[in-house]
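*Asks:* here is the input, now give the coordinates:
(chains A and B)
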Amino acid sequence: MERTQLERTSWAYTHLRGLTAIPGGLVAIVLALGNWEAGPFASDLVVVATVAVLAAAFLLIDREYRRRYGSMTPVPGSELRSRLAFWVVVALVTVGSTVMYELDLAINPLAIVTPIAFVASLAISRALRPHTLVIWGAVLVAGLLPVWHGPPDPGNVALVMCGLAWIAGGLLDHLAFTRVFSAPALDA
Amino acid sequence: MLDLDRLIHEPGRLAILTVLSSVADADFLFLQRATGLTKGNLSSHLSKLEEAGLVEITKRFVRKKPNTSVAISELGRERTARHWEQLEELRASAQAVSRSQASQSARRSASPSLLRPV
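*Replies:* Got it, this is the predicted structure:
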């Protein structure tokens, strides 16, 4: 029996319930499709309805995690870190978006700021994992390439890239989560 | 000679207390998934830990379903931390003994060649 492995279960429960990231990633992609007025997403109503469905999907996935794995309350310090991390993401992405619309740059500020914000928030929450660095690092490198002058709108492409990165990271987090909770049973 | 806490030393109870040390509280299902214990064993261990004052158990209804929430007490936290320290000490001293035995046997195997006539 390893102490760290047992203590890791609470960390995994807090940070690795990755399937909850899928609706979030899809929201980013739907917003981009809405901005492009692609197919049915040309209608604001369809965009809003899709986002509402995805929000419900998030709640269902969260409930399914609780149904299968139970629930726990993290220690107060870690909750504070998570809240701080959330606001770091919000602040950095807001600033990044503003810069993008103010300046006409060949780089893609949203695709640069979002990975930095995510990695910073995960580092604050002590939830940084190698695959996170690889996935968001790829988005950052793409954002830094000087090819973002003119159409298609760099902000929307950044939304799609970030959405896909969020989903991919979430799937890998979920795999790690199931590995942590399928550790050898004491009663086996 | 280390005097290990027999109540905590049982692997199931040590696993429960270790998981609880890293959370504010957890429900029965979470503890079951985290430790791999069966319902019966987990329930029995929790009763013993509650009797000893190492955990606090709250039973309530969440959306009309019974829910058992468990939190480690201050005493439980202290005794679990002390127990892991003792186990670490034991591990370190066992490693030191095995290292010294290995170096002694290496010396013994090297010595005949030194005595061999040239």
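*Asks:* give me the contact status of the lengthiest helix in chain B with chain A.
*Replies:* In chain B, ranked by residue count with DSSP state H as the criterion, the top helix is helix B:74-115. Yes - using C-beta under 8 Å from any C-beta of the partner chain, helix B:74-115 reaches chain A at residue B:84. No exception for glycine: its C-beta is placed from N, CA and C like everyone else's.
*Asks:* flag the shaky bits of the chain, pLDDT-wise.
*Replies:* As the question left the chain open, I've gone with chain A. For chain A, applying pLDDT under 70 flags the ranges A:1, A:100-101, A:183-188.
*Asks:* actually it's chain B I care about, not the one you picked
*Replies:* Scanning chain B for pLDDT under 70 picks out B:1-2, B:111-118.
*Asks:* make sure residue B:56 is indeed in a strand.
*Replies:* Yes - per DSSP: H, G, I helix; E, B strand; the rest coil, residue B:56 lies within a strand segment.
*Asks:* number of residues surrounding it?
*Replies:* Look at residue B:56: counted by other C-beta atoms under 10 Å in any protein chain shown, it has 15 neighbours.
*Asks:* now swap in the one 5 residues further on and tell me
*Replies:* In terms of burial, residue B:61 registers 8 neighbours under the definition other C-beta under 10 Å.
*Asks:* ok, residue A:43 next?
*Replies:* That count, for residue A:43 with other C-beta under 10 Å as the rule, works out to 12.
*Asks:* what does residue A:173 give?
*Replies:* If we define neighbours as other C-beta under 10 Å, then residue A:173 has 22 of them.
*Asks:* spatially central residue (nearest the centroid) of chain A, please.
*Replies:* residue A:166 (3.9 Å; C-alpha atoms, centre = their mean).
*Asks:* what residues sit buried inside the helix or strand where that one lies?
*Replies:* When secondary structure is defined by DSSP states H and E, residue A:166 falls within helix A:154-181. By 16 or more other C-beta atoms under 10 Å in any protein chain shown, the buried positions in helix A:154-181 come out as A:154-174, A:176-177, A:180-181.
*Asks:* I am finished for the moment; much appreciated.
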